[in-house]
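J.: coords below, sequence missing:
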C-alpha cells in the first residue's frame, strides 16, 4: 500500500503569476523508515527542517540527488488562474489529487500543517466520500514540517517543478520519470 506526503507552493509571482501547485511524494509503506532517515540526514546544523526555498544552487542539487536516489514517485497538480486565492487553488488541486491517490491505491496522505486551515482538507475528503468520489480507505493527516522529515521530499519536488516552470528544467529532469505533472 502506498503512503504519501504533500506540500504546496506558489510559483514565482513575477515569472509565473497565478500558479499554485501541490506535490505528493509517494512510496511503499515499507520504505518509509529509509525515506525519513535520508531526509533527516540532509538537515544542516541549525536547520529546523530541510527546505528548498532559500537554498543555494549547490544545496538544491544535493537535495535533488538525494530524492532521485529514493524509492519515491511524485504526483504534482499544477493550477494557474490569475487573481485566485490560495484557498481556491488548493481546493481545485485537491479535487484532482485526492481521487487519483485513492485509485492508486494510497492509504494515507500527510500534509504539512497550516494550523486551523487543516480542517478544510478533512472536510473536503469527507465531502468526496459522501459523493463516492473517494473510497473510505484514504486518510488525511497533518504534521508540522520539522516533526516529519518525509514532508521534505514533497517540498523538494515542488521546488523542482517551480524551477522548471520559470526556465530551469535541470532539477526536474534529474528526477526523470519519477514525477508526473497534471495541469488542472
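T.: In hand now; what should we look at? Just so we're clear, the structure is a prediction, and the values are computed from it rather than from any experiment.
J.: who are the contact partners of residue 5?
T.: If a contact means CB atoms under 8 Å, 6 or more residues apart in numbering, then residue 5 has 24-25, 109-111, 148, 150-151, 153-154 as its contacts. For every residue, glycine as well, the C-beta is placed using N, CA and C.
J.: quick check: it is in a helix.
T.: No. Assessed with DSSP: H, G, I helix; E, B strand; the rest coil, residue 5 is strand; it does not lie in a helix.
J.: which residue packs closest to residue 74, ignoring adjacent ones?
T.: Distances taken as CB to CB, 6 or more residues apart in numbering put residue 179 closest to residue 74, at 3.7 Å, once the chain neighbours are dropped.
J.: surely that neighbour and residue 72 touch.
T.: No. Using CB atoms under 8 Å, residue 179 is not in contact with residue 72; the gap is 9.4 Å.
J.: higher neighbour count, these two?
T.: Taking neighbours as other CB atoms under 10 Å, residue 179 and residue 72 compare with residue 72 leading, 25 against 21.
J.: and the more buried one, how far from residue 137?
T.: 21 Å (CB to CB, to the nearest Å).
J.: residues contacting the helix or strand that residue 181 is a member of, please?
T.: Residue 181 is part of strand 179-183 when elements are defined by DSSP states H and E. Where contact means CB under 8 Å, 6+ apart, the residues beyond strand 179-183 that reach it are 73-80, 96, 100, 157, 160-161, 172.
J.: do stretch 89-100 as well
T.: 6, 8, 20-22, 24, 75, 77-79, 81, 109, 120-121, 124-125, 128, 133-134, 138, 182, 184.
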